[in-house]
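[1] just the structure for this:
(2 chains)
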Amino acid sequence: MSAAILGLAAAATPAPRPVNGVALAVLVVIFVGVAVMGFLASRWRVKPAERGMKSLDEWGLGGRGFGNWITWFLLGGDLYTAYTFIAVPAAIYSTGSVTGFFAVPYTIVLYPIVFLLMARLWSVSHRHGFVTPADFVGGRYGSKALSTAVALTGILATMPYIALQLVGIKAVLEVLGLGNASNPLLADLPLIIAFVVLAAYTYTAGLRAPATIAVVKDLLIYVVIIVAIVWLPSHFGGWGQIFQAADAKMSAINPATGKAVGSIIPGATSMNAYWTLALGSAMALFMYPHSITGVLATKSRNVIRRNAVLLPLYTVVLGLLALLGYIAIKAGTIPVGANGVINPQLVVPQLFLDNFPAWFAGIALAAIAVGALVPAAIMSIAASNLFTRNIYRDLIKPDATPAQEAKVSKITSLVVKFGALIFVIAMDQSAAINMQLLGGIWILQTFPSIVAGLYTRWFHRRALLLGWAVGIAYGTISAFNVINPVTKAHFGGSVAVIPFTDIPIYIAITAFVINAIVAIVFTLVFRAVKVKEGTDITTANDYGADEHDPKVVKVTEKVKWLEPEPDSPIV
Amino acid sequence: MSTSEAPTRGPARPMPYVIAGILLAIAIIAPLLVPLYARADPPLFGLPFFYWYQILSVFIEAFILWITYLIVIREDNRRRAAVRTLPDAPHIDSSTAAQK
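    Numbering: from 1, shown residues only, chains lettered A, B, ... in the order given. Have a look, this model is predicted:
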């Protein structure tokens, strides 16, 4: 099978890949089942009076009522995206540990950070009805400029992330033999159909749709990965031999750079890159609007903390999936794309197709494809909420009713998805990847505004804005200046040396440190010259509030705030 | 007086938060000390140390977070109870506390 594909790759005009009928049929069946679930979700846990999703709390946050289990599946599906499942093994397959396996410490370090920060963000958002991180920043610092900056960064960083989910679906379809028709429109037709269906049920059911689908997707992923990790290593002579093959590939010299292809264990020079990539990505992940949407959709303050204890189970799955990249080296998997060119992103789908019966490969590929739908839906909802609350309501129509907000958000979610679709179809895939890389650097620049605000009002709003601007500028320029050693293209990676040293680290971390220093220095300066501070609508009590504590908005409307709570969470 | 001045929790005792803070600091810093685990030996079932250690550390980390969770929740509940279960009229206590 792989020999045949090799022949294909060498041929001057590659013959079309055969369509794998059985695997495709399994994929289509699962896809249709998931779509039905997505539409039915609009009635899931909705009181008859609230049908139709007439507020952002209902449409954009699933009624703010998700408990431990649903949140576990939802955040699992949200954070560990299909693109991760495609890109991490692909990176391991191409260059080894540093570019790929850092995803494991990244998603380990993530959870103490989540534990520390997110319960406070939940409490203050619950009290004030905040829907987005920019809502919080606006309320905390009384600065529309700062909240708009946070909102725009969130939207810009999320868009390419959605596009990458499409790249994930495309990889699956390509391996199945679709997407190589001579008519370009026909080639992209399956992708377009999948996305139109996704857009339709997200529009109808809001966040409840990805929440229900996430359960199916995660169970499929767990089954697939357990089977793969039990069966494949013994089939290919055990881990010892797999790592021998991987080591041989990584220590070979790349003629383009004159250096080794990669390494299976990071050497002394790449250790700083390894840990800064892990730390920077972990700090950035919960600044992304789609992660915060998952947090704010939970029912009570401590759901997110319990999930910080239980979500690491997905990290184990990610680590095992990453190792599939090495198994593919030993197995001799040849990930050749529809155009006959080698594309490492296809390595995991191809590995499943080569080594498992067609029906099981179909399930595995469906798990990846459905895994792309869940985050794509949540991301589009999160980006729409940001647009609605922090641009439409804050800047255009301050007296928007909840029903109008929901309407605007629903329509924006369609615009966002089709924007991503056009992006992937019309532009080169590498554009989406570069943008995503930049997005990670950008989103970390909102960290000082959001996180410092959870603990202290010490920072000055103008200083935070200035730090944000400097961080974004530095990050963008230094990412642009990274040149790919093989293709000589800009945006060749996310690691660059710290200025005035020769230590290569993750650019986002350098930009973040510069950002924080600027924010601290200018806070002192602005305070010394008495630049006006904004109004803070939050109080210290808001940061410890739980489910049954009265909401601030409700209480200012009617002064009857001393009614005993329905059932106290204590006892 | 604004509603959000009514305390949601009683005053904190520092100790539980200090212990939780140390545990979280360990949980954040330990996985970033790459030189400690960037080596091949000893392997487990043919997996280099670098790989099996990091996968194992996921479980260690989850355990640390679970302990932290128990500590923080216990203190959180105590602080909440301090505000809620004051004799008969919680609103009087809330408002006096807010005036301080």
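[2] can we go C-alpha only for contacts and neighbour counts from here?
    Will do.
[3] give me the nearest residue to residue 46, chain neighbours excluded.
    Reading this off chain A. Excluding the flanking residues, the one nearest A:Val46 by CA to CA, 6 or more residues apart in numbering or on different chains is A:Gly63, at 8.0 Å.
[4] try again with chain B
    A:Gly240 (4.0 Å).
[5] give me the element that neighbour is part of.
    Using DSSP states H and E, the element containing A:Gly240 is helix A:238-251.
[6] contact partners of that helix?
    Contacts with helix A:238-251, where a contact means CA atoms under 8 Å, 6 or more residues apart in numbering or on different chains, come from A:95-96, A:233, A:236, A:260-264, A:326-327, A:329-330, B:45-47.
[7] cool, and stretch A:376-396?
    Contact with stretch A:376-396 is made by A:56, A:60, A:78, A:131-132, A:134-135, A:144, A:147-148, A:151, A:154-155, A:158-159, A:161-162, A:165, A:198-199, A:202, A:206-207, A:210, A:289-290, A:293, A:398-400, A:405, A:408-410, A:412-413, A:416-417, as judged by CA under 8 Å, 6+ apart.
[8] close to chain B: what parts of the stretch 1-150 of chain A are there?
    A:104-105, A:108-110, A:112-113, A:116 (CA under 8 Å from any CA of the partner chain).
[9] most proximal residue of chain B with respect to chain A?
    Closest residue of chain B to chain A, CA to the nearest CA: B:Gly46 (4.0 Å).
[10] that residue: neighbour count?
    Applying other CA atoms under 10 Å in any protein chain shown, we find 17 residues neighbouring B:Gly46.
[11] show me which residues of chain B are close to chain A?
    Neighbours of chain A within chain B, by CA under 8 Å from any CA: B:2-9, B:24, B:27-29, B:31-35, B:38-40, B:45-47, B:50, B:54-55, B:58-59, B:61-63, B:65-66, B:69, B:77, B:80-81, B:91.
[12] restricted to helices, list those residues.
    Cross-referencing the residues of chain B next to chain A against helices under DSSP state H gives B:24, B:27-29, B:34-35, B:50, B:54-55, B:58-59, B:61-63, B:65-66, B:69, B:77, B:80-81, B:91.
[13] list buried residues within those residues.
    Neighbour-count burial (16 or more other CA atoms under 10 Å in any protein chain shown) applied to those gives B:24, B:27-28, B:34, B:50, B:54-55, B:58-59, B:61-62, B:65-66, B:69, B:80-81, B:91.
[14] put the buried members of the contacts of stretch A:376-396 into a ChimeraX selection.
    Only the buried members of the contacts of stretch A:376-396 enter the following ChimeraX selection, criterion being 16+ other CA under 10 Å:
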select /A:56,60,78,131,132,134,135,144,147,148,151,154,155,158,159,161,162,165,198,199,202,206,207,210,289,290,293,400,405,408,409,410,412,413,416,417
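[15] which residues sit in contact with A:Phe39?
    Residues near A:Phe39 by CA under 8 Å, 6+ apart: A:201, A:204-205, A:209.
[16] what's the farthest-apart pair in those residues?
    Maximum pairwise distance among the contacts of A:Phe39 (CA to CA): 8.5 Å, between A:Thr204 and A:Ala209.
[17] list residues touching both of the two?
    A:39, A:42.
[18] A:Pro160 and chain B: what is the separation?
    A:Pro160 sits 28 Å away from chain B, going by CA to the nearest CA, to the nearest Å.
[19] need phi/psi at that residue.
    phi -70, psi -30 (degrees, to the nearest 10).
[20] so what's it up against?
    With CA under 8 Å, 6+ apart, A:Pro160 has these contacts: A:420, A:432-433, A:435-436, A:439.
[21] so what's the residue count around the residue nearest to A:Arg43 when sequence neighbours are not counted?
    In space, and not counting its chain neighbours, A:Arg43 is closest to A:Arg51: 7.1 Å by CA to CA, 6+ apart. Using other CA under 10 Å, A:Arg51 has 13 neighbouring residues.
[22] thinking again about what came up before, out of the contacts of helix A:238-251, which are buried?
    A:95-96, A:233, A:261-264, A:326-327, A:329-330, B:46-47.
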